[in-house]
Structures are given as C-alpha cells and as structure tokens.
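Enquirer: Here's my sequence, what's the structure:
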Amino acid sequence: AAPTRRRRVARHMAGTVTGIVSPVRGKANSNPWERPSTASRATTGITAEDASGGGDDGTPAPPWAKLAAPAAGVGESGVPSLQEILCGWLARHLHAIEDLEHLPPHLSMLVRESIQRDRSLLKEESDLVVWLAAVFDGGDCTRLSLRWAAALTDDALRGIGSRPEWSRTLLSLDLAYCDAITDAGVCSIAEGIRGLEALTLAGCRRCGDGAAAAIGLHLHRLRALNMELLPGLTDAGGQAVARGCGGRLEELLLGGCSKITSVTTALVADHGGTTLRRLGLGGLRDLCDPDCEDIGRCGNLEWLELRACGRISDNGIRFVGMLAARQAKARAQWEAAGGVATGDGVSPPPTLTHLDLGGLTRLSDVGLEKLLVRAVHLQTLDLRGCSRLSPDGLARAILGMGVDGVPTTVAVEPPLHELRRLTLAACPAATPELKARIDIVRPALQVVG
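Expert: So this is what the prediction gives:
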C-alpha cells in the first residue's frame, strides 16, 4: 500500500506542477565546486578537471580554502518558480517518490539537477537508495559523483562496487565531503574498480592511510587523485600512493594534509617526476626550502600550488625558477626546430603556466624577480598575502619598470607576456599607484584584489 500511495503522491504533485507552470529547461548549475550540468549528465558526470573542484579564476581551488556548501538554484529572475520549489522539496524527500521515473521527464531532470547542485540533500539512507537506483538504471556508467552526499556510508559504497556494470567500467569517482565513509569503505571498493582513472576523496576526514594503502595496492591506472584535507593522511599513506600509482599520475592534490612531510614529496618526485602535470601542496606546514628541490625534479609540471607553505623562502622558490627555466629552454628549442614533435608526436614540451604562492610571507622582491625572469610562460600567478613584497619590487617583476614608470630593463615588451591573471588580494604591495600602472602598461592583464 505504501508504494502505491507514494506513486499517487508523485503523480499528484507532477500534475499540480505541470498544471500551473509550463515545463522549463534545466537551469545552469550554481554549485561553485562543479561545472554546469546538462541533461545527459543529470545523474552522473565529473571530469578529471571537476575532481579537484573550481576556484574563482576558473582553475581548481583547494577545498581547504573554501568549504561552503553549494547554493540552491533559482530562476533566471533570481526568484525560484513554484515548479523549482516543489522539485527542490522532492529532492529533499526522495523517499516519498520511490522512483524518479514516476515523474514526467522534465520534472525528473529538475530533481536530479537539484541533487547535482547540492548532494548534501541526500541526508537519509532511503534518499540515497532512490538516487543510486536512478543512477544505476541509466546514464553514463563511467563517471559517478556523490560529492557532499551526507548519507553515503561504507555499506552503500560496497553496494556500488558490487554492481558489475559499474565496477568494470567506472573511470571517475568523486566522493568529496562524504563525511560518513571511512578507510574500510574505500578498501572494500578499491579492488573492484581497478580501471579507475580519477578519484576524489577531498574532505573525507575519516579516511587516511588505510584508504591510501588500498589506492596504491589496487588503483594502478589512476591519473588524477585528490586527497586534500585528510587529517589522518601521513607519509605512510603518501608512500603507498607514490609507489603504487606514481608511474601514471598526472595530477596529485594533497593540500591541507598537515601530517605530510618531505618524505612524501621526495617519493612523489622519485616515482612521478616524469608524469605529473598538476601538483597541489598548499597548507603543508612542514614543507620547506629543500623540499622545493624535489618539486623541481618534476620536469613536466604545468600547475603548482604552494599556498600557505609558510616555511618556503627565496631559496626554495629558486628551484621552481630553475625548473621553469629548463622548461622554457626546451620549448624554445622545440619552436626553433619548427615545432617538430617531441615524445608524443603532437604536444609541445610542457611549461609552468599556473603558480600559486599565496601566503608565502618570506618571499622577497629579489626572489620574485628572479623567479619571473625564468618562468616566462606563466598565465596565472597568485601572490595574495605575500606581505614582504614592495610596490616597486612587484612592478619591476611584473612590468619591467618601477611604479613611477621608469624602465628597469631594456626589454622591448614587459616580462611575462603570456600572463593573463594576477591575484594580489591582501598583498600590501598592491597599492592604487601600482594597479594604475598595470592598467596602463598591461591593460589585458586581469588583476584580482
């Protein structure tokens, strides 16, 4: 009787909604952690880029820097329609529906988009069961995102791994901020999803070395791994990941894992130095200048985050500059040869294009200038909170001239000609005079802060 009543409720609500408001298209995804969803990705959908979240500059931002839950969607006028309100209610009470297929397709899509925006709506295990049933019964079986799903437990995770259509084909899995899952849950599913290429465990605070050991033991095909904000992750777990997955990893994010030390960075460089393209080490308190030498051994880095690593000074940044100089030399040789293909037959040699040095209070004018002379291919640079920099020093490094406009070099054009975005929030050197000079000399450069 209960299932029949639920179906009647679902049909009644569907009739009520469609009788008052005409069907509408799905709205853009307002979740700051994910890209806009489409009908084809209504139940699933996460790319390797999505796995690391999204920052205000279009590049992945560390979860430990922004932990606000996603906001609910509203209509184009800024006020939710009655249809959207009712679909939002259904998203919070999926147990009253039993099956999303009982709703008309356009309403089912709106409910799914509500959950895509905010999976913290899945607070009850019964809601999660309905949602997973909708996911399993259709859609892409290669990508699954359950980010913010508060009801996801180890048992539910085992259920995902037990379904052969998923365990055999799943390539990308996002479990970020699923607070209830533990090492045991990750261990139970890892063996069954050996083909996984992208995994996100950011903010799963009950996971640590046990989960890392299972990842290193079974997931040898991983290309992208996000383990940010795991207080239980130590060098033992970092060693397991580096040894087990390092040969294929292209992206490794460990920001906010406060127990990680130089042991892990050395192992990452040893085992992933030739494959890593993106490396996030923000907030690692023990990271210091000698560790930057290990980072410099990762010759293919394109994206590097060292935000809030307060012990790093000019001496450490020097190794980053040396890495960028080697990359620039290889790129120049490639271009001088007419763009002759190198290793893979298509792409030019990689160069460092994104660098986050926010919060490095020991970085001086001299250190920054020497770095930027070498890192000529930078496109985004974050210097927020670098309190030791001066307006003149920053102007020399970015513009090749002082704040007064007097050139300090004989260069035909300003340095960093590829730079598109510069973040100077909470940076004392970012005076109005400096910003005005940047607007004159580099009008296309976007300055934030």
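Enquirer: in the chain, which spans are strands?
Expert: Shown for the chain, the strands assigned by DSSP state E span residues 143-145, 172-174, 198-200, 224-226, 251-253, 278-280, 303-305, 354-356, 380-382, 421-423, 446-448.
Enquirer: got JSON lines for those, with distance to L399 too?
Expert: (C-beta placed from N, C-alpha, C; glycine too.) Below are those laid out as JSON lines (distance: least, C-beta to C-beta, whole Å):
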{"stretch": "strand 143-145", "distance to L399": "42"}
{"stretch": "strand 172-174", "distance to L399": "41"}
{"stretch": "strand 198-200", "distance to L399": "39"}
{"stretch": "strand 224-226", "distance to L399": "36"}
{"stretch": "strand 251-253", "distance to L399": "32"}
{"stretch": "strand 278-280", "distance to L399": "28"}
{"stretch": "strand 303-305", "distance to L399": "23"}
{"stretch": "strand 354-356", "distance to L399": "18"}
{"stretch": "strand 380-382", "distance to L399": "13"}
{"stretch": "strand 421-423", "distance to L399": "11"}
{"stretch": "strand 446-448", "distance to L399": "12"}
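Enquirer: okay but A328 is in contact with T351, surely?
Expert: Yes. If you go by C-beta atoms under 8 Å, A328 and T351 touch, sitting 6.3 Å apart.
Enquirer: more crowded one of those two?
Expert: When neighbours are counted by other C-beta atoms under 10 Å, T351 comes out ahead of the other of A328 and T351, with 21 against 17.
Enquirer: Could you point out which residue ranges in the protein have low pLDDT?
Expert: 1-78, 87-102, 112, 114-127, 129, 131, 133-140, 340-346, 404-414 (pLDDT under 70).
Enquirer: which helix of it spans the most residues?
Expert: helix 314-336 (DSSP state H).
Enquirer: what comes up buried for it?
Expert: 314, 316-325, 327-328, 330-331, 334 (16 or more other C-beta atoms under 10 Å).
Enquirer: helices or strands up against that helix?
Expert: helix 289-295, helix 365-374 (3 or more C-beta pairs under 8 Å, 6 or more residues apart in numbering; DSSP states H and E).
Enquirer: circling back: ok, of the buried residues of helix 314-336, which one's closest to L371?
Expert: Of all the buried residues of helix 314-336, G321 has the smallest distance to L371: 4.3 Å, by C-beta to C-beta.
Enquirer: for that closest one, what are its contacts?
Expert: 370-371, 373-375 (C-beta atoms under 8 Å, 6 or more residues apart in numbering).
Enquirer: re the thing from before, need the residues touching each of A328 and T351.
Expert: Shared contacts of A328 and T351, counting by C-beta under 8 Å, 6+ apart, come down to H377.
Enquirer: Rebuild the strands of the chain as a markdown table, extending it with mean neighbour count and distance to K435.
Expert: Listed next are these as a markdown table, based on neighbours: other C-beta atoms under 10 Å; distance: least, C-beta to C-beta, whole Å:
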| stretch | mean neighbour count | distance to K435 |
| --- | --- | --- |
| strand 143-145 | 24 | 39 |
| strand 172-174 | 26 | 38 |
| strand 198-200 | 27 | 36 |
| strand 224-226 | 26 | 34 |
| strand 251-253 | 26 | 31 |
| strand 278-280 | 24 | 28 |
| strand 303-305 | 24 | 25 |
| strand 354-356 | 24 | 20 |
| strand 380-382 | 24 | 15 |
| strand 421-423 | 21 | 10 |
| strand 446-448 | 14 | 6 |
